[in-house]
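Engineer: sequence first, then the predicted structure, then my questions.
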Amino acid sequence: MTELRSLLGDTVTRLFTDLATKELIEAAEKGTWPDKLWRALEEGGLTLPLVPEDAGGAGGTWLDAHVVVRASGRHQAPVPLAETIVAGWLLSRAGLAVPFGPMTLAPVHADERLTLARSAGAVTVSGRATRVPWGRHAEHVVAVSELDGRLTVALIARGAATIEEERNLALEPRDTLVFRDARVVAFGAADVPADAIYLYGAMARAAQMAGALDSCLTQAVRYATERKQFGKPIGNFQAIQQSLAVLAGHVAASGIAAESAFRAAERNDARFEIAVAKVRVGEAAGVGAGIAHQTHGAIGFTYEHSLHFATRRLWSWRAEFGSENAWARQLGRAVAARGADALWSDLTAR
């Protein structure tokens with residue numbers, strides 16, 4: 001682990017432990033923006049780990065960013081930290097200045113597009129993007145589209161869009177943004193995939209889900225040692241131990257899959273690993289959340305207990321930036337296109 005990664009890990013864990021409390025998450029789910037938490041993240045240099053130092057960022061790598069993104073999922077931080085990190089990276093790739101403040105990405109669905117066009121000496125954006133994470137709170141939106149035949153990263157002010165407010169199962173904002181010839185703040189050509197938002201958004205969600213699964217395991221193990229039945233902790237019963245072992249296996253596999261995707265992103269060739277991570281972590285989310293709730297019993301379904309903060313996010317996040325079924329289809333098509341003879345060599349070369 002590099003010195004920067006160690007520093008980021010210590011800083012983000014301490015910050016989330018102190019500030020991402022149950023009370024703060026509950027307030028965020030009722031619509032209150034956690035300004036103190038966001039300001040602390042910015043002051044700690046945690047929102048722009050991939051932006052070069054001379055541009056105001058930490059000058060880190062994707063693996064450094066992984067530490068921060070996974071921690072945000074482990075603590076269910078109610079802020080668009082993952083989105084801001086990816087947005088900052090995209091802006092840097094386009095040579096654009098990265099603003100402070102929360103950012104989001106749009107569109108987030110593979111079949112949606114925003115259109116960039118030149119108009120009266122400026123560049124405008126038009127289109128409709130649904131289920132945009134934190135749309136109402138983000139100060140800027142980052143989009144990737146074609147302009148003059150080149151892939152272009154565009155920075156758009158939040159006020160340029162009409163916002164239709166919605167939420168996901170975890171009560172996080174997932175808003176529809178409608179742009180009608182809205183002026184773009186800044187734009188620049190960039191060497192990124194056309195589906196960069198969908199691709200790297202999926203990678204970020206995989207890491208967040210791996211963190212949330214880690215939280216589920218921690219809470220389930222703690223409850224199994226505290227809750228007593230027939231005169232002893234329920235964790236002493238073999239059936240509970242077996243279930244927790246299965247959960248621990250899914251947590252470990254999910255963490256490795258997500259980290260592998262971030263490592264592959266360093267070489268700009270992460271599509272295969274991102275697909276694998278989203279599939280593997282999505283599968284784990286379904287099994288792992290079920291085991292965590294079974295271990296807790298009825299109390300785990302109450303709003304007063306904190307388990308649901310992790311499980312509701314797992315159920316929401318697994319469908320965002322492509323479900324495991326969507327990514328599994330991509331993997332299947334890629335394997336079929338390459339042919340059976342290339343499968344083993346492709347797997348071992350990663």
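Structural biologist: That came through fine. Numbers count the residues shown, from 1 in each chain.
Engineer: when you work out contacts or count neighbours from here on, use the C-alpha atoms and nothing else.
Structural biologist: OK.
Engineer: residue 206: what secondary structure?
Structural biologist: Going by DSSP: H, G, I helix; E, B strand; the rest coil, the secondary structure assigned to residue 206 is helix.
Engineer: I'd assumed residue 277 was in contact with it.
Structural biologist: Yes: with contacts counted by CA atoms under 8 Å, residue 206 reaches residue 277, the gap being 6.1 Å.
Engineer: where along the chain do the helices fall?
Structural biologist: 3-19, 22-29, 35-43, 62-74, 81-93, 196-226, 238-265, 271-296, 307-317, 324-338, 343-348 (DSSP state H).
Engineer: got these as JSON lines, with distance to residue 182 and mean pLDDT columns?
Structural biologist: JSON lines is the format used below for the helices of the chain (distance: least, CA to CA, whole Å; pLDDT from 0 to 100):
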{"stretch": "helix 3-19", "distance to residue 182": "36", "mean pLDDT": "90"}
{"stretch": "helix 22-29", "distance to residue 182": "29", "mean pLDDT": "97"}
{"stretch": "helix 35-43", "distance to residue 182": "27", "mean pLDDT": "97"}
{"stretch": "helix 62-74", "distance to residue 182": "31", "mean pLDDT": "97"}
{"stretch": "helix 81-93", "distance to residue 182": "19", "mean pLDDT": "98"}
{"stretch": "helix 196-226", "distance to residue 182": "20", "mean pLDDT": "98"}
{"stretch": "helix 238-265", "distance to residue 182": "32", "mean pLDDT": "97"}
{"stretch": "helix 271-296", "distance to residue 182": "32", "mean pLDDT": "97"}
{"stretch": "helix 307-317", "distance to residue 182": "29", "mean pLDDT": "98"}
{"stretch": "helix 324-338", "distance to residue 182": "32", "mean pLDDT": "95"}
{"stretch": "helix 343-348", "distance to residue 182": "44", "mean pLDDT": "88"}
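Engineer: and residue 174, which of these is closest to it?
Structural biologist: Among these, helix 307-317 comes nearest to residue 174, with 10.6 Å by CA to CA.
Engineer: now do the closest one: which elements does it pack against?
Structural biologist: If contacts are counted by 3 or more CA pairs under 8 Å, 6 or more residues apart in numbering; DSSP states H and E, helix 307-317 sits against helix 196-226, helix 271-296.
Engineer: deepest in the core, which of the ones you listed is it.
Structural biologist: Greatest average neighbour count among the helices and strands packed on helix 307-317 goes to helix 196-226 (a mean of 24), per mean count of other CA atoms under 10 Å.
Engineer: check which helices and strands it sits against.
Structural biologist: So helix 196-226, by 3+ CA pairs under 8 Å, 6+ apart, packs with helix 62-74, helix 81-93, strand 140-147, strand 232-233, helix 238-265, helix 271-296, helix 307-317.
Engineer: what sits up against the last one?
Structural biologist: Contacts made with helix 307-317 from outside it, assessed by CA atoms under 8 Å, 6 or more residues apart in numbering, are listed as 73-74, 76, 168-170, 205, 209, 212-213, 215-216, 219, 285-286, 289, 293, 300-302.
Engineer: taking helix 196-226 as reference, get the angle to it.
Structural biologist: Calculated by axes from the mean of the first three to the mean of the last three CA atoms, to 10 degrees, helix 307-317 forms an angle of 150 degrees with helix 196-226.
Engineer: mind listing what's buried in the lengthiest strand in the chain?
Structural biologist: Longest strand of the chain, by residue count under DSSP state E: strand 122-133. Using 16 or more other CA atoms under 10 Å as the burial criterion, the residues of strand 122-133 that qualify are 123-133.
Engineer: could these go into TSV alongside distance to residue 102?
Structural biologist: Below are the buried residues of strand 122-133 laid out as TSV (distance: CA to CA, whole Å):
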residue	distance to residue 102
123	23
124	22
125	20
126	22
127	22
128	21
129	18
130	18
131	17
132	13
133	11
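Engineer: can I see the domain layout of the chain?
Structural biologist: 1-79, 102-192, 196-348 (automatic domain parsing).
Engineer: related to what we said a few turns ago, I'd like the helices and strands packed on helix 307-317 laid out as JSON lines, including distance to residue 107.
Structural biologist: Output for the helices and strands packed on helix 307-317, formatted as JSON lines (distance: least, CA to CA, whole Å):
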{"stretch": "helix 196-226", "distance to residue 107": "8"}
{"stretch": "helix 271-296", "distance to residue 107": "18"}
